[in-house]
Structure formats: structure tokens, C-alpha cells
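> predicted model follows, preceded by the sequence.
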Amino acid sequence: MHYPSYIALIPLLPLAGFLLLGLFGKKYFKKSSGIFATLLLLISAALSIYTAYRYFFIDGQINGIYHSAIPLKYTWLSFTKDLSIDMGILLDPASVMMLVVVTFVSLMVHVFSLWYMKGEERFSTYYSFLGLFTFSMLGLVMSSNIFQIYIFWELVGVSSYLLIGFYFDKPSAVAASKKAFIVTRFADLAFLIGILILGFQANTFDFGTLIQRLTDSQSTQFIDITSASFVGISLMTWALVLVFIGGAGKSAMFPLHIWLPDAMEGPTPVSALIHAATMVVAGVFLVARLFPVYYINQVSLHVVAYVGAFSALLAAIIACTQTDIKRVLAYSTMSQIGYMMFSLGVSGTVEHGLGYTASLFHLFTHAFFKSLLFLGAGAVIHFVHSNEMKDMGGLKKFMPVTHLVFLIACLAIAGIPPFSGFFSKEEILLAAYHSNKLIYGIALFTSGLTAFYMFRLYFSIFWNNKKVIQNHHSEGTMTMKLPLIILALCAVFAGFVPFGKYVTPDGVSSESSFHILFSIAPVALALTGILLAGWLYKNGGNKPERLASAIGGIYKTAYHKFYIDEIYLFITKKIIFNLVGRPAAWIDKNIIDGLMNGIATVTGGISSAIKGIQSGKVQGYAIYFFGGIAILTVIFLYWWN
Amino acid sequence: MSQIPISQILFVSTALFFIGMYGLFTRRNMITMLMSIELILNSVNINFVVFNKYLYPDKLDGIFFTIFIIAIAAAEAAVAIAIIINLYRSHQSIDVEDAEEMKY
């Protein structure tokens, strides 16, 4: 199986765009930077679709099993004969699928931004940052070893930081970008420790070798890592949980999710690309990448499952009460990623690999409908110049295309057949049903909530004709409608991809089984949610307020996001600042600085006392010199020996 | 031809050395100080030649040293006079007491 080197072009083209636009954008590409970046990405997307075609249909499969291939590899740092950090490209079903998703969604966002960001002062900077992000994300999904993935992991964090803080003259955007960076960076510390434990114990960083050594219960590495323990928990569990914390930080899992809603301060297309479709699923991808190892260690797999399920439920409840449409979408993203996480958590490897497949399937469909939702929200925000739901209503008449695609996306995320979200969510529920009834219950309830809050959003924006919108400017140009329509088509049809045939934990194709009877409960719950949302929000009125006051306490808690931000602030401002920060500052100011100041004072005193010797008189110096020589002569002649 | 005793020659060179030393410490005129340094160097030259002649008559090392010192003295005089000329241009004086800016 031979892959030519064009694969390396897929990430390198966006990188070239980043460098060219970043260095020369303001001077030479003032107007054309958008077109230029979009064309580069178009080539990149075409190449990745061709790669996927080659991989899945021509030469990826050997004897019915999809093997992972490493078309390019280059040893970067070699420590010993066996241990080295490489830079390579790894192709396997998951990474090839991610390649297509990332380049495709990124392309759509590039096209959409041509319209959305038009007339922006830092237009070319925006496109160069998008290029940097796309490059890093592609590098992340194609990484062949765990250290390389860490490098790109940090790079996507940086580009996310840059893009959230794109409007750097807004203090809230600056605060949000810092928050996102610090929270994810904090989680990445755990990730790094996990990598070091895994790398040290398995004596390799390469994914293939690592998985092979740590899943083989006869290998010395496996025996070492499972027999060694720290605080009563085996080192293997520690390493995997620490790696998962890194993934949870990037994927906004509870309790590290606090940065994601604030990250909505960035431009809306950025939210569609980074905080909905690609970067936030990096954690899911990471767990999926190391899935065979997680499967061996059931403790860490349970952590993944319960954190995922809890985050899904928590985010769905919060989403029902938020009024900023982008924040609703942010919490819905968190909820859906929770689905993907627990789906991995309940999965098996060989025979019962349904959860793994379902998780990546949901990642695939979610990327389309969630980026569609965000781009649609971007169009709405551009039209009404506000993020708040109360400023919207009755937009159905003014924005027919946006209305239609938004409806499709809402149906898809709510899991109504035959839209794409239905198929992936069904598989997740099925996987949960087979292995853990508690998680199945949570997931089922959450899917009802999902339908409710999505249609709350939909009805509040497009129906609910409570106020007359005055500005009658047009909906948008073709560059804005085209990506919406393409993504809507994907949101409708992506569910029909026979995903189980291509992406499974062991590379063997499996037929996705489909049970009509099983689907009744979630679909009925989703329909109930939709009807409830319609009843409450379609025609306005004060029904929602009455309901909110009826369940006062719960509503208020959910509206304040369960006070998690406040808890964080309490811990950092009150506890860490007072107990650690202030004593450290005191020690620094009084002891460390005092020591330095003391040394400086003593030196200053001595030198001012003896500076008179340096009189500037040459003959004085000559006398000292010859006097010294005379004294030395006397010493050497009479006292030495 | 009777030889002059070595002690007398050493007496001359020592006297020369201390005369130079005295001049160096007491004269304020830079040219005079330079001349005093030449005296000191020449007293050293005499020492070299004398010890070579009296202790190791079949060798030439001391004489070579003397030649080197003469060369160095010439170079040193050139540099010193250049410095003195520049000092005169900036201070209108060649008195060392007037050039004492480079103190603490």
C-alpha cells in the first residue's frame, strides 16, 4: 500500500496560507486574502476527500480489515536506540474520517466568512489564523505518536486563543480568550504527565507500538505498568485518567467546561469551526485513538463514561435556560460531546465495538449540523445585530433560507428520522442500553431535553412574532447561503453513510443493526420536547415566565449555570489567592527581594567607603602599583619559605 | 683591560631606576613622566646586559631582551605621545593633575 506524498500537502497548504497571509497579508492581500485562503483550503479539502476515497475503497483494506498506515515518517528526536519522538502521518479509519470533516467544515467556514467578516479591519489576519488552526487540527488528527499529538494539541489551543480574542478591543473577548487558554492549559498539564507515564512505561511514544505493548497482558511493559501503583491506584489507571483530563479540558467536559460558553466571544464562524465541529472533539478523538488501552483498563473507561454522561445532562439543563443564542449552542455542543464520550465509555472493542463506532459517527454528523447551527446563528446575529433571544422573533419572513437550514439542523440534533443526528444518536443509545442502564436513562432524558432547548431556540428566533423587525436589508449574498445549503444537505444525508462498515475499533467492517422498536422511545421523547417548546415559545406570551417562576429555584440555579463559575471564582480568588498567592507574594516581596536588597545595600556601602582610592590621579595609581610590588618583593624575599 | 666591578655597574643602574621612579612620582608634566619611564627601562636594560656579560658570557639572551625592550620603549613612546597630543587638544594642557575626569 503506497501513499504518495500529496498527503503531506493537506496540512501544509493551510500552513502556507497562514504564513503568507500572516506575513504579507496586510500589504499585498488586503482584499484577496479571503479568496486566497479559501482556494488553498479547497485544494486541501479535495486532496483529503481523494485520500479518503483511496483509503476506504481502494487500498486501505487488506483481507477485509482496515489497517493503519504510516505514509510519512521522520525521526525528530531520538533519545535511545528504541525511544524516539517522530513526526509522521498516520492514516487509519478514524483519522481519515477526521481529515474529511476538518477540511470540509473549515472550507465551509472559510466561504461563509467571506461574507460574514467582510469589511473587517483585520480581515487577512483572521484568515491567517484560520489557516493556522486548520493546519494544527489536521496535524493533530494525523499524528502518529502521542508526543506529536501533544504538540499539535497545544497549537490548536493557541489558535483557539487567538481567534476567541480576535476582537481584542472588547474586554470580554480578551477575558474569554485568557480563560479558555488557562483552563485548557491546566488540563494539558495532566495530559503531559499522562503522556510521560505512558511513554516511560511503554518505552515508546508511537501509537501502534504503545497500544500493542499495553494491551498484551504478557508483555513486560504491561506487567510493569499495571503492577506499579501510586496511592493505591495502578499507574495505568493514573496515566489514562490523566490523559483523559487533557481530553476533557479540550472537549469541555465537566468540570473543565467553563471556558466553552465564554469562548463564544469570538467571531461566529470561528465558533462554528473550532468550538463546535473540530477542536472540541479532539478529546473524543484522543480517547478513541487510545481506545484499546482504555478498554483494557475498565476503571478509566468508567470515568470516561460517567463524566461524559454527567456533562451531557448538566449542559442540556443549562442550555434550556440561557438567553444568548450562541451560549445555548455552546452548551448543546458540550452536551453532544458528552454523548460521544460516554458512548466510548460504554463501548467494547471487538464484538461489541458499537459504542466506538457510534461515538465517531456522532462526531461526524454532529460536525455538520452543529457547524450549520452556528453559521445559521451567525447569519441571524448579522441580521439583528444582537446575540440575545429577546431581540429576535418572527425572522421566518426575512430569512427564508436561514430558517429552512436552521430547522433542518434542529431536527437533526433532536434526533428526528431521517435526519443524520437520528442515526448516530440511536447507535449511541443502543450501545448504552446494552452495557449500562443508568447511562442509557440519562442519555434518553437528555435527548428529550436536547429537542426541547433546540426548538426553544428555533421558535424564539424564527416565530414568536412579538416585535416588528425594522431593518429590511437582505438576508445575505450567495457566499453566505452556499455553505449553509451544502451543510444542510450533509445534515440530511450524512446519516445514511454506512459508518459501521468503515470505522470500527478493530478495522473489521460491521453491519449496523437497526431496531425500529428501539427507536420509538427517543423519537417520542424528542417529539414531546419539540411540542412542548412549540407550545411555550411559538406564539410568545408569558407562558415561559410563568413556568420559570413555578419551578423558581431550579430555574434560577440552571440559569446561573449551577454556579460553577462562581465556585471556580471562589476557589481561585478566595482560597488559592489568599492561602497560596498572598503568602507567596509576601515571601517574594520581603524575603527574596529583601535578600537581594540587602546584598545591594552592603555592596553599595563598601564601595562608597573605598571609592576614594580611585582618585583619577595617574601618579597616585603609580605609587600604589610600585608600593604593592615593593611589599610583594619584601614578602617573597624574607618571609616566603 | 681591567674590568669594572659588577657592583659598580649595578649601583649605576639602581640609581638610574630610582631617579626614574622619583621623576615619575613627582613631575606633573607628562613629557617629563614619559622621560622618567625611559630612565626606568634603561636601568633594566643595563641590568640585562651586565648580568649577561658577567654571569653567562657565552650566551646572548640578555642582549636580545635588551633589544626587545628598546623596541617596546619606542612603540610605547609613540603611543604615549599620541595620547598626550590628544589630551592637549581636549584640555589645553599636558599636566596630569588636569586630567582626572576618570575617577569614581
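Yep, it's here. Quick caveat: nothing in here was measured; it's all calculated off a predicted structure.
> can you tell me the element residue A:475 falls in?
Using DSSP states H and E, residue A:475 sits within no helix or strand.
> any idea how far the lengthiest helix in chain B is from the middle of the chain?
With secondary structure taken from DSSP state H, chain B has its longest helix at helix B:61-91. Computed by CA atoms, centre = their mean, to the nearest Å, the chain-centroid distance of helix B:61-91 equals 10 Å.
> tell me the mean pLDDT for it?
Helix B:61-91 shows a mean pLDDT of 93.
> do that helix and chain A meet at all?
No - Helix B:61-91 is not in contact with chain A by CB under 8 Å from any CB of the partner chain; minimum separation 11.0 Å. Every residue, glycine included, has its C-beta placed from N, CA and C.
> buried ones in that helix?
By 16 or more other CB atoms under 10 Å in any protein chain shown, the buried positions in helix B:61-91 come out as B:62, B:65-66, B:69, B:73, B:80, B:84, B:87.
> show me which residues of chain B are close to chain A?
In this structure, chain B approaches chain A at residues B:21, B:24-25, B:33, B:96-97, B:99-104, judged by CB under 8 Å from any CB.
> repeat that for 7 Å
Residues of chain B lying near chain A by CB under 7 Å from any CB of the partner chain: B:21, B:24-25, B:96-97, B:100-104.
> narrow the residues you listed to those in helices?
B:21, B:24-25.
> compare those residues and tell me which is most surrounded.
Of all those, the highest neighbour tally under other CB atoms under 10 Å in any protein chain shown goes to residue B:24, namely 21 neighbours.
> that older thread, just put the residues of chain B next to chain A in a markdown table and tack on pLDDT and distance to residue A:296.
Output for the residues of chain B next to chain A, formatted as a markdown table (pLDDT from 0 to 100; distance: CB to CB, whole Å):
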| residue | pLDDT | distance to residue A:296 |
| --- | --- | --- |
| B:21 | 92 | 90 |
| B:24 | 91 | 89 |
| B:25 | 91 | 90 |
| B:96 | 86 | 87 |
| B:97 | 84 | 90 |
| B:100 | 79 | 83 |
| B:101 | 79 | 80 |
| B:102 | 76 | 77 |
| B:103 | 77 | 78 |
| B:104 | 69 | 74 |
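> so where do the helices sit in the stretch 301-450 of chain A?
A:325-345, A:354-384, A:400-414, A:420-435, A:437-462 (DSSP state H, counting those that start in this stretch).
> can you give me the strands in the stretch 151-300 of chain A?
A:229-230, A:233-234 (DSSP state E, counting those that start in this stretch).
> can you check the stretch 451-600 of chain A too?
Under DSSP E, counting those that start in this stretch, the stretch 451-600 of chain A gives no strands.
> show me what from it comes close to chain B.
Counting by CB under 7 Å from any CB, no residue of the stretch 451-600 of chain A sits close to chain B.
> which intervals of the stretch 451-600 of chain A have sub-threshold pLDDT?
Applying pLDDT under 70 to the stretch 451-600 of chain A flags the ranges A:465-473, A:511-514, A:540-541.
> which single residue of it approaches chain B most closely?
Nearest residue of the stretch 451-600 of chain A to chain B, counting by CB to the nearest CB: residue A:600, 17.8 Å away.
> rewinding a little: nearest to chain B, of the strands of the stretch 151-300 of chain A?
Going by CB to the nearest CB, the one of the strands of the stretch 151-300 of chain A nearest chain B is strand A:229-230, 61.1 Å.
> hmm, who's touching the closest one?
A:235, A:238 (CB atoms under 7 Å, 6 or more residues apart in numbering or on different chains).
> would you mark the buried spots in the longest strand seen in chain A?
Taking DSSP state E as the criterion, chain A has its longest strand at strand A:69-78. In terms of neighbour count (16+ other CB under 10 Å), strand A:69-78 has its buried residues at A:69-72.
> turn these into JSON lines, columns for pLDDT and distance to chain B.
Supplementary listing: the buried residues of strand A:69-78 in JSON lines, determined by pLDDT from 0 to 100; distance: CB to the nearest CB, whole Å:
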{"residue": "A:69", "pLDDT": "79", "distance to chain B": "74"}
{"residue": "A:70", "pLDDT": "80", "distance to chain B": "69"}
{"residue": "A:71", "pLDDT": "79", "distance to chain B": "70"}
{"residue": "A:72", "pLDDT": "80", "distance to chain B": "65"}
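> low-confidence stretches in chain A?
If you take pLDDT under 70 as the line, chain A has these spans: A:1-4, A:60, A:63-64, A:348-352, A:465-473, A:511-514, A:540-541.
> how about the residues of it by chain B?
So far as CB under 7 Å from any CB goes, chain A lies against chain B at A:611, A:614-619, A:622-623, A:626.
> which of the residues you listed sits closest to chain B?
Nearest member of those to chain B, counting by CB to the nearest CB, is residue A:616, at 3.1 Å.
> so the closest one: helix, strand or coil?
Under DSSP: H, G, I helix; E, B strand; the rest coil, residue A:616 falls in the coil class.
> phi, psi of it?
With angles defined as degrees, to the nearest 10, residue A:616 sits at phi 90, psi 0.
> excluding residues flanking it in the chain, which one is nearest residue A:210?
residue A:202 (4.9 Å; CB to CB, 6 or more residues apart in numbering or on different chains).
> tally of neighbours for residue A:41?
Using other CB under 10 Å: residue A:41 sits among 25 other residues.
> buried stuff in the helix or strand containing residue A:21?
Per DSSP H and E, residue A:21 falls inside helix A:6-28. Judged by neighbour count (16+ other CB under 10 Å), helix A:6-28 contains these buried residues: A:7, A:9-11, A:13-18, A:20-22, A:25-26.
> could you do stretch B:45-56 as well?
Residues of stretch B:45-56 classed as buried: B:45-50, B:52 (neighbour count, 16+ other CB under 10 Å).
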